[in-house]
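Asker: 3D model of this:
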Amino acid sequence: MNIFPLKKIVLATILSGIFSCAHAALKVGDTLPDLVSYKLEGKLPDSLKGKIVVVDFWASWCLPCAESFPVMDELQKKYGDRVVILAVNVDEKAAKMEKFLTKHPVTFTVVRDGSQKLVAAVEPETMPTSFILDGEGKVKFLHKGFHGDETRQQYISEIDSLLK
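Answerer: As a prediction, the model looks like this:
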């Protein structure tokens with residue numbers, strides 16, 4: 001009996017599993033990639049370690065994103081330095097982001113992923129997509145889209161549970 005073809009099949013199966021995992025979308029339980037390595041445009045907070053972080057992927061053309069910004073701003077003001085709101089813009093042109101921010105000024109941190117490298121690594125399914133991270137940088141909660149007060153209440157409940 002020749003087992004060589006079986007070894008090839010096993011090796012191919014293992015390798016396909018490794019490569020498919022390397023490109024999987026960020027999900028609950030995963031650790032957010034190191035943001036510094038993505039060379040995002042704008043100033044990142046000095047340190048996220050030990051902080052509850054809401055990473056929100058958004059675009060200027062997204063109507064639910066415009067609706068979510070006042071809520072994100074409310075959360076930043078409510079929780080102060082215990083929580084970091086970090087909005088990652090995915091627009092191709094910085095001018096579109098700037099125009100949006102002129103209409104929707106905020107107090108939280110906004111950066112732009114002009115190269116689309118972080119977006120490719122995280123693979124948000126829709127705009128906006130928010131990840132709520134614990135103090136260790138692990139995704140504890142995931143929000144696809146923004147659904148008004150329902151999402152606002154979920155954010156508050158989830159952040160409060162992580163601050164306990």
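Asker: centroid residue for the protein?
Answerer: Nearest residue to the geometric centre of the chain (CA atoms, centre = their mean): V55, 4.1 Å.
Asker: could you give the mean pLDDT of the helix or strand harbouring that one?
Answerer: Taking DSSP states H and E as the definition, V55 sits inside strand 52-58. Averaging pLDDT along strand 52-58 gives 98.
Asker: that one: what's the following helix or strand?
Answerer: helix 63-79.
Asker: parallel or antiparallel, list what pairs with whatever helix or strand comes next after that following helix.
Answerer: The helix or strand immediately downstream of helix 63-79 is strand 83-89, counting by DSSP H and E. Sheet pairing here is set by DSSP bridges, and for strand 83-89 it gives strand 52-58 (parallel), strand 109-112 (parallel).
Asker: strand 83-89 vs helix 63-79, what angle?
Answerer: 160 degrees (axes from the mean of the first three to the mean of the last three CA atoms, to 10 degrees).
Asker: figure out the length between the terminal residues of stretch 124-139.
Answerer: With CA to CA, to the nearest Å applied, stretch 124-139 spans 13 Å between its terminal residues.
Asker: before we move on, what about stretch 26-33?
Answerer: End-to-end distance of stretch 26-33 (CA to CA): 9 Å.
Asker: so which bits of it are buried?
Answerer: 26, 30, 32 (16 or more other CB atoms under 10 Å). All C-beta spots, glycine's among them, are computed from the backbone N, C-alpha and C.
Asker: all set, thanks.
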